[in-house]
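Asks: what's the 3D shape of this:
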Amino acid sequence: WPGQKALKEAKLAEKRRTECWNPMRGLDKRTKFWVKIAIAAVIVGLAVAVGLGITKAVHGGVWHEDS
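Replies: As a prediction, the model looks like this:
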């Protein structure tokens, strides 16, 4: 029969498996890597878009007309 320590560890492992929300749990290592790369690319793209939008709104940077 399993000891008390083994039962405790099994219960903790089951708790971790069921109670933790992890959308990438079922993905393999390579797919997780590419999902992380895609997320990083989206974040960088959004940051650049916001930066360019703000720069254009205040007429700075490449949109600044030399008078």
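Asks: can you point me to the longest helix in this protein?
Replies: Counting residues, the longest helix found in the chain (DSSP state H) is helix 29-57.
Asks: now that helix: how far from the chain's centre is it?
Replies: Distance of helix 29-57 from its chain centroid, counting by Cα atoms, centre = their mean, to the nearest Å, is 11 Å.
Asks: Which of the helices or strands spans residue 22?
Replies: Per DSSP states H and E: residue 22 is located in neither a helix nor a strand.
Asks: number of nearby residues for it?
Replies: 9 (other Cβ atoms under 10 Å). To be clear about C-beta, it is placed using only N, CA and C from the backbone, and glycine gets the same treatment.
Asks: From the contact counts, what lies against the longest helix of the chain?
Replies: Applying 3 or more Cβ pairs under 8 Å, 6 or more residues apart in numbering; DSSP states H and E, we find helix 29-57 packed against no helix or strand.
Asks: Please work out the average pLDDT along that helix.
Replies: If you average the pLDDT over helix 29-57, you get 95.
Asks: Would you mind confirming that residue 2 makes contact with residue 11?
Replies: No - look at residue 2 against residue 11 with Cβ atoms under 8 Å: they stay out of range, at 10.9 Å.
Asks: Does anything pack onto the helix or strand in which residue 14 is found? Which helices or strands?
Replies: Residue 14 belongs to helix 4-19 when assigned by DSSP H and E. Where contact means 3+ Cβ pairs under 8 Å, 6+ apart, helix 4-19 is not packed against any helix or strand.
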